[in-house]
Structure formats: structure tokens, C-alpha cells
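Student: show me the folded form of this:
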Amino acid sequence: MDGHMTFLPVAQRELLAASRRKATFRMRTGSAIFAALLTFVMLLFVSVTGAGARSGQFLFNTLVVGGHLFAVLAGVFLTADGISEERRDGTLGFLFLTDLTGLDIIAGKFAALVLSAFFGLASVFPVLAISWFMGGVSNGEFWRNCAAMLNQLFFAASAGLAMSAGETRQARAVGKTLVVVGFFSVVLPAVSEGLRFASAHPVFQLPILLSPTAVRFHVGETAYLRDPFTFYLNLGASHLLGWLFLLFATWAVGRGWRLDANLPRASAGGPALNRRVLDSSPLGALMGAEKWPQRVAWSTSGLAVAATALSLSQVGSVTPLLFWVLGILLRGLMVWEVTSFIGESRRSGALELVLTTPIRDADITQAVIRHLTARYLAPTVLLMLVGLAGTLPHGGFIPSLIDIIGAFLQIVAIPTVGIWFGLTESKPMVAFAKTFGFVVVLSTPLNFLCCVGFAIPPLMIAWAQSKLRLPFRDILAGVRSHWQRRDGWLHSTGPVPTATPPPLPYIRKD
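Tutor: Alright, predicted model coming up:
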């Protein structure tokens, strides 16, 4: 013993490792560059159109909405499989053979998984301050929004670790995390807004204080000056709930590793396959084994129908932002289905077995497209139609039409880009983050800036198709470009060249 004790050793080790990880610098740099480019485009638009003093407020609100969306997505998809992956691989129990506790493991996982997202979000704050100098944004409003975005990241990451600590299957862990975060971030504010329109008693609106998204209603200068106590109460209550999620994760991780001995028996059955689909499309049957994405898709469309019905009946009001968020959720489910299927098949070795059969690369691509069409065409069309009907009376037809065109271009790009990242990334969560980030998150805000975002999905399709011209077996072998196949060093391009061994030295025999 060296005579001193290290506090939270796993967290210290993970922080040191993350400080040298390239992904940490890439996320921080990429977030800052994206925010800077978005600001440049908006400033150019303001200069050309000669917008007034509200341009600073518009730029500020756009960056804040993007920051909240980034915090939710990064918090969920960076942590939702953090503990469940360890339980599936059977490595979680080895940590408890030492003197580590559940607190050490959760603190280390939280530090390792959230650090890069924290750096990426913090790098946006200096760019966000540009709108502060443009006018229309106060000093306090700037700092309150920064605190709200950091709290949103902390809440989503805490919920992700809590759900991951109690699950072994990746799909269930991610699904539970999305349900929990969606309930507190979307459902609670929507219900509270409906109760407010119905003139319900203020006591029934108290649960909204647990929502990290509801802080957005109190960060404005007017709302804050009118009732500053509600802002701090909402921020503190949602932050405390995040700590409760971490405490639950600490308890669950200490209990769950003892139950992992039953994992092979519990997962031996697997999800049931559709016999009719299995005969016609085996890959489609495997992709359709999980039913929860389809339920979430129809629930999303049902929520849009209910909101539109309330709006048309004059009971409440609906904005294009609601349909914008619901559409992003649907496209996120599509990305998840593609990347999780390809990534998990690659990770388990099943994809290599499939490629040894007469199934061609084009058959895999067509199976993915047919599955997405069969599962998501009807909910997506329904969401678009009710979105137009719901926003038409409120003058939101043009934003809704722009969102529909952009959504169509993104949906076309999802299969190709998702397959590429699923084949090349070792972790399905990373493949999802890259596909969703480049195809959906990057282009959606730019759709409303002179339709600049319309060009991003076609460019991503062209880039991914140029990469997927390589055989899938070559991609799995580590090939990323055509120049790596020169000299016939891969099995698919010809025989592997063998170097002629040098002659043996002459040894004289006496």
C-alpha cells in the first residue's frame, strides 16, 4: 500500500483515458465548427435581408434549441448501453472481485461516457455568446440557458445509466431510456400545457417541475423577472431527479451482476420471428423481430393526431415545433433499426456467416429498404398529413412544408448511410450517433435557412454509395477505399501475392 487512498479510482482512470482519446477532441471541435458555420450562415442571411434587432434573438433561440437536442441525444445514446454492454459480455462481475463499489463503477462510467458530450456542448457556449452581442439577449438569459442545457445533458445521461444498469439487452435498455427521457422531457410539459389551457388547479401542474425541458419556459428575461423562484425550483427539482437516477444505477449495478449467470438461459429463446415474412425475406424477419419500434412509431403518430384534434377543436394550440420533434423521433427510430441490426450482426459474427451464403450485398440493402418501408411508411405519412392540418390554421404551412421536404430527403438517405456506418463502426451506438448526426441533426436546422439543409442528405447518399461499391466482405476486413485494394492483396480482387523468400546463406560442409 502506498499510504493514501484514491477517491473514485475508476472515474480518475476514465478521465485520464478520455483526455487522451481522439473522440473527445473530435466531438469538441466538430460541435464548435458546426455552431460556428450555422452562425455564419445566419449572420450572412441577416446581412443580406437587413433584419432588425430581433436577429440576435432568432440566432440565440436556434442555437439553444440545437443545444438542448444535442444534450438529449448525446446523454441518451452515449449512456443507454454503457452498463448493459458490460453485463452482456460478462465483464461486470470481474470489477466486483476487487474492492470497487457500485459508486466507483457508476462514477467512472458517467465520467467516461459524458465527458466528450460535455466538452462538445461547452464548446458551443462561446459561439452562442455572439448572439448576445448582437442584442435582444440579456446577460442573465444567456447564463440561464447555458445552465439549462447542462442540466438537460446531466438528466438524460443519468436516466441512461439507470436504465442500462438494470438491463442486458441493448434494445430494451435504449427503449426504456427513450421512454423515461421522453416522458419527462416531452409528455410532462405537454400535459401541463393542456392542464393550463383547461384552467386546472395549480397543484396538478406541480409534476412539471421534474421536467428538465420545462426550464425553457422560465429562462426568458420577462418570465424570469416575473417569477424567478419557479426557475430555480424547476432547475433544482429536475437536477435532483437526475441524482436519484444515479443512486438507482448504483444500487442496480451492484445487484444486477449477480443475476447475469442466468443470462444465457434468459436470452436463449430470443424474439419470435414472423413465419410468413421468414419464408419470403429472412433478413426482413430478423429486422422485424423487435416490435417496440413499431409501437413507438404508431404512438408518435397518435400523439400528433391527438394534438391536431385538440387544436382544431379550440381546446388547445399546437405549433410546428411539436411535429418537428415527433418527425425527428420517427427518423431516429429508422436510423436505430438500420444501425442496430447491421452493427449487432457484425458484432456477433452473424453478418460474416450471411455473406458466405448466396445472399448478395444488394439483397441486404433491399431487405433494409423494404423493412423500413413496411414499418414506417404509414406512420410517417400520417404524421406529415396531420402536421399540415394542425399548423395550417396557425400560419405554419410554409415551415411544415419545408420540414416535410427535408424529412423525405433524410429518409431516403438513412438506409445507405446507416449501412455504411453499421459496417464500419465497432459499436452500434457509435454507428447510430454518426448516422443520425450527419443525416438528421446536421441538416434539419439548416432546412429553415434558405433550404441549405436540403443538400446534405443527397451529398451523404453519394458519399456512402461510393464507399459501398466495395464488397461488404472487404469492408468488414477493414477496407475503406478502393486504393486499399491495389495489388490484389484482398481475396476478392485476386490471389494474395506472396513475397519470394530471400535465399538461404551458403553453409559450407566439411
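Student: how many residues are close by the residue lying closest to residue 340 once chain neighbours are set aside?
Tutor: Of all residues not flanking residue 340 in the chain, residue 428 sits nearest, at 4.9 Å (Cβ to Cβ, 6 or more residues apart in numbering). In this view, the C-beta of every residue, glycine as well, is placed from N, C-alpha and C. Other residues near residue 428 come to 27 when the count uses other Cβ atoms under 10 Å.
Student: pretty sure residue 428 contacts residue 343?
Tutor: Yes: with contact defined as Cβ atoms under 8 Å, residue 428 and residue 343 form a contacting pair (3.0 Å).
Student: quick one: common contacting residues for those two?
Tutor: residue 422 (Cβ atoms under 8 Å, 6 or more residues apart in numbering).
Student: just the element for the spatially most central residue of the chain, please.
Tutor: Geometric centre of the chain, nearest residue: residue 73, 4.0 Å, by Cα atoms, centre = their mean. Following DSSP states H and E, one finds residue 73 within helix 54-79.
Student: over to residue 412?
Tutor: Residue 412 belongs to helix 397-424, assigned by DSSP H and E.
Student: do residue 27 as well
Tutor: Going by DSSP H and E, residue 27 is part of helix 22-49.
Student: where in the stretch 101-250 of the chain is pLDDT low?
Tutor: 135, 194-201, 204 (pLDDT under 70).
Student: and the strands in it, which stretches?
Tutor: Secondary structure of the stretch 101-250 of the chain by DSSP state E, counting those that start in this stretch: no strands are present.
Student: mean confidence score for stretch 436-449?
Tutor: Mean per-residue pLDDT for stretch 436-449: 82.
Student: numbering from 850 from now on, please.
Tutor: With 850 as the first residue, the last one maps to stretch 1285-1298.
Student: please export the C-alpha coordinates of it as PDB.
Tutor: C-alpha atoms of stretch 1285-1298 as PDB (Å, rounded to 0.1, in the frame of the first residue of the first chain):
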ATOM      1  CA  PHE A1285     -28.300  10.400 -37.000                       C
ATOM      2  CA  GLY A1286     -26.000  13.300 -36.500                       C
ATOM      3  CA  PHE A1287     -24.900  13.700 -40.200                       C
ATOM      4  CA  VAL A1288     -28.200  12.900 -41.800                       C
ATOM      5  CA  VAL A1289     -30.800  14.300 -39.400                       C
ATOM      6  CA  VAL A1290     -29.300  16.600 -36.800                       C
ATOM      7  CA  LEU A1291     -26.900  18.400 -39.200                       C
ATOM      8  CA  SER A1292     -29.500  19.100 -41.900                       C
ATOM      9  CA  THR A1293     -32.700  19.700 -40.000                       C
ATOM     10  CA  PRO A1294     -31.800  23.200 -38.600                       C
ATOM     11  CA  LEU A1295     -30.300  24.200 -41.900                       C
ATOM     12  CA  ASN A1296     -33.600  23.400 -43.800                       C
ATOM     13  CA  PHE A1297     -35.100  26.600 -42.400                       C
ATOM     14  CA  LEU A1298     -32.100  28.700 -43.600                       C
END
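Student: list the buried ones in it?
Tutor: Across stretch 1285-1298, burial judged by 16 or more other Cβ atoms under 10 Å covers 1285-1297.
Student: contacts for that stretch, please.
Tutor: 883, 887, 890-891, 894, 911, 914-915, 918-919, 922, 926, 1173, 1177, 1180-1181, 1184, 1248, 1251-1252, 1254-1255, 1258-1259, 1262-1263, 1266, 1301-1303, 1305-1306, 1309.
Student: kindly report the same for stretch 1077-1092.
Tutor: By Cβ under 8 Å, 6+ apart, stretch 1077-1092 touches 993, 996-997, 1000, 1003-1004, 1006-1008, 1033, 1057-1061, 1063-1064, 1067-1068, 1072-1073.
Student: so what does the lengthiest helix in the chain touch, helix or strand wise?
Tutor: Taking DSSP state H as the criterion, the chain has its longest helix at helix 1210-1240. Helix 1210-1240 is packed against helix 1131-1136, helix 1141-1161, helix 1169-1197, helix 1246-1273, with contacts defined by 3 or more Cβ pairs under 8 Å, 6 or more residues apart in numbering; DSSP states H and E.
Student: off-centre distance for the shortest one?
Tutor: Chain-centre distance of helix 1131-1136: 24 Å, with Cα atoms, centre = their mean, to the nearest Å.
Student: kindly report the same for the longest one.
Tutor: The chain centroid and the centroid of helix 1169-1197 are separated by 8 Å under Cα atoms, centre = their mean.
Student: what comes up buried for that helix?
Tutor: So, applying 16+ other Cβ under 10 Å, buried residues of helix 1169-1197: 1169, 1171-1173, 1175-1192, 1194-1195.
Student: helix or strand right after that helix?
Tutor: Using DSSP H and E, the first helix or strand after helix 1169-1197 is helix 1199-1204.
Student: and that following helix, which residues are buried?
Tutor: Those would be 1200, 1203, for helix 1199-1204 by 16+ other Cβ under 10 Å.
Student: which strands and helices sit next to that helix?
Tutor: By 3+ Cβ pairs under 8 Å, 6+ apart, helix 1199-1204 packs against helix 1169-1197, helix 1321-1325.
Student: looks like residue 884 contacts residue 912 (just checking).
Tutor: Yes: when contacts are counted by Cβ under 8 Å, residue 884 is listed as touching residue 912 (6.3 Å).
Student: overlap of the contact sets of these two?
Tutor: Common neighbours of residue 884 and residue 912 (Cβ under 8 Å, 6+ apart) are 973, 976-977.
Student: average model confidence for the longest helix of the chain?
Tutor: 86.
Student: what comes up buried for that helix?
Tutor: In terms of neighbour count (16+ other Cβ under 10 Å), helix 1210-1240 has its buried residues at 1210, 1213-1214, 1216-1221, 1224-1225, 1228-1229, 1231-1233, 1235-1240.
Student: again, but for stretch 1260-1275
Tutor: Buried, per 16+ other Cβ under 10 Å, within stretch 1260-1275: 1260, 1262-1274.
Student: of the residues you listed, which one scores lowest on pLDDT?
Tutor: Lowest confidence among the buried residues of stretch 1260-1275: residue 1274, with 84.
Student: can you list the helices and strands packed on helix 1199-1204 in JSON lines and add mean pLDDT?
Tutor: Converted to JSON lines, these look like this (pLDDT from 0 to 100):
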{"stretch": "helix 1169-1197", "mean pLDDT": "83"}
{"stretch": "helix 1321-1325", "mean pLDDT": "85"}
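Student: a markdown table please, covering the ones you listed and showing distance to residue 1205.
Tutor: Formatted as a markdown table, those follow (distance: least, Cβ to Cβ, whole Å):
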| stretch | distance to residue 1205 |
| --- | --- |
| helix 1169-1197 | 13 |
| helix 1321-1325 | 9 |
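Student: perfect, I'm done here.
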